[in-house]
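Asker: Got a predicted structure plus its sequence, pasted below:
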Amino acid sequence: MKKILVTGGAGYIGSHTVVELIKNSYEPIIIDNLSNSSENNINGIEKITNSKIRWYNINCINLSEMDKVFKKEKNIAAVMHFAAYKSVEESIINPEKYFNNNITALEVVLSCMQKNNIKNIIFSSSCTVYGSAENIPVNEQTPLKKAESPYGETKQIGEKLVLQEKINSIILRYFNPVGTHHSNLIGDYSKDKPSNLVPILAENAIGKRKTFKVYGNNYNTKDGTCIRDYIHVVDLAKSHVAAINYLLKKPAKYIFNIGTGIGRSVLEIINDFEKVNNIKLNYSFGKRRQGDIEQIFTKTNLAKKILKWEAKENLEEALKSEYDWQINKNNEKKN
């Protein structure tokens, strides 16, 4: 059983990926200090997979502590690096937090890999690296423009750091993950207030947020609102398994976009959410938000061709699971 070290493995995407790794006979070891996640996800993973998880509660920017883990855990086949702050909105307000954490954590991971002769990494990147791309849909050859947020900039820098190392790597550029595992036992426990659309809709639906703003309805799109590529988090998790399978067989350097290939507007997502959950949401239109781009979605040909991966989950199911997840999470807090 091959060992995979998963930084940020108790987070939203990390926890879903750990479940898929176990299902595919890998042995994940989690490093996560719960600064933006919860031990509930560790417990959830264990329930879903009926297995005990090895987990180190340490900060990825702590070089000496990280090095101890790398030395203790012999024969690590690869690292999956998720550990990073992820809010575009917050990164604009507090850029230092993002540069200090997202860049330093990756530098520490790469240093530990080098010292311990680990040659494979899957790096969690983002479609924000494209900035305001001129041609939509984007593909992996689309030129990277200036990032529209410090978060996007940390991902651009992160990709450069990974590519300049003498290691094998797959960089996965995620589009917009939504939904939760069908068990509802793991999900997004981010400590910060959600700034992503679908969690905001779900908070409004359960009454946690009385109203919300749609930022901008005067974009040059079909209904004036921003367009994004929304991918079920379970599909995203499965892309990491496809990536590690491929990297261990054909070691080199690769970049893949991970999305559905379908662009949906903010209003379309709101309407779908209302329909699938049989609920009316309370929102108003506001000014455009700094850091938001007009539209982005991706071609998925390369991941399909090379990794033999494609998104299969249903968006409606993702929107339903997000609503159920918020209800569960709210009940947890009350109990």
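Answerer: Now that the structure is in, tell me what you want to look at.
Asker: Read off the pLDDT value for Lys74.
Answerer: Note on Lys74: pLDDT of 89.
Asker: my bad, Asn335
Answerer: Looking at Asn335, its pLDDT stands at 66.
Asker: Do a quick rundown of the helices in the stretch 1-150 of the chain.
Answerer: For the stretch 1-150 of the chain, helices defined by DSSP state H, counting those that start in this stretch occupy the ranges 12-23, 39-49, 63-72, 88-93, 95-98, 104-115, 150-164.
Asker: neighbouring contacts of the third one?
Answerer: Residues external to helix 63-72 that are found in contact with it (CB atoms under 8 Å, 6 or more residues apart in numbering): 5, 29, 31, 56, 58-60, 76, 108-109, 111-113, 115-116, 118. All C-beta spots, glycine's among them, are computed from the backbone N, C-alpha and C.
Asker: now do the last one
Answerer: For helix 150-164, the external contacting residues (CB under 8 Å, 6+ apart) are 84-88, 90-92, 95, 98-99, 102-103, 106-107, 110, 121, 123, 125-126, 128-129, 131, 144, 147, 169, 171, 253, 255, 291.
Asker: Show me which of the residues you listed are buried.
Answerer: 84-88, 90-92, 98-99, 102-103, 106-107, 110, 121, 123, 125-126, 128-129, 131, 147, 169, 171, 255, 291 (16 or more other CB atoms under 10 Å).
Asker: Just to be sure, which of the residues you listed are found in strands?
Answerer: If you go by DSSP state E, the buried ones among the contacts of helix 150-164 have Ile121, Phe123, Ser125, Ser126, Ser169, Ile171, Ile255 in strands.
Asker: Throw these into CSV and include pLDDT and distance to Lys191, thanks.
Answerer: Formatted as CSV, those follow (pLDDT from 0 to 100; distance: CB to CB, whole Å):
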residue, pLDDT, distance to Lys191
Ile121, 98, 26
Phe123, 98, 23
Ser125, 98, 22
Ser126, 98, 20
Ser169, 98, 29
Ile171, 98, 27
Ile255, 98, 30
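Asker: ok, of the residues you listed, which one's closest to Gly224?
Answerer: Gly224 lies nearest to Ser126 out of those, by CB to CB, at 24.7 Å.
Asker: does that closest one have beta-bridge partners, and which?
Answerer: Beta bridges link Ser126 to Tyr174, judged by DSSP bridges.
Asker: right, and it touches Arg173 too?
Answerer: Yes - Ser126 is in contact with Arg173 according to CB atoms under 8 Å; the separation is 6.1 Å.
Asker: For burial, what's the neighbour tally of Ala252?
Answerer: 9 (other CB atoms under 10 Å).
Asker: Leu110 and Lys166 touch, don't they?
Answerer: No - checked against CB under 8 Å, the pair Leu110 and Lys166 is beyond contact range at 10.4 Å.
Asker: pLDDT weak spots in the chain?
Answerer: Applying pLDDT under 70 to the chain flags residues 335.
Asker: how close does Ile262 sit to Tyr230?
Answerer: To Tyr230, Ile262 is 8 Å away according to CB to CB, to the nearest Å.
Asker: now Ile258
Answerer: Taking CB to CB, one finds Ile258 at 12 Å from Tyr230.
Asker: any residues in contact with both of these two?
Answerer: Any residue near both Ile258 and Tyr230 by CB under 8 Å, 6+ apart counts here, and that gives Phe175.
Asker: which of these two has more neighbours?
Answerer: Neighbour totals were compared for Ile258 and Tyr230, and Ile258 leads with 29 against 25 (other CB under 10 Å).
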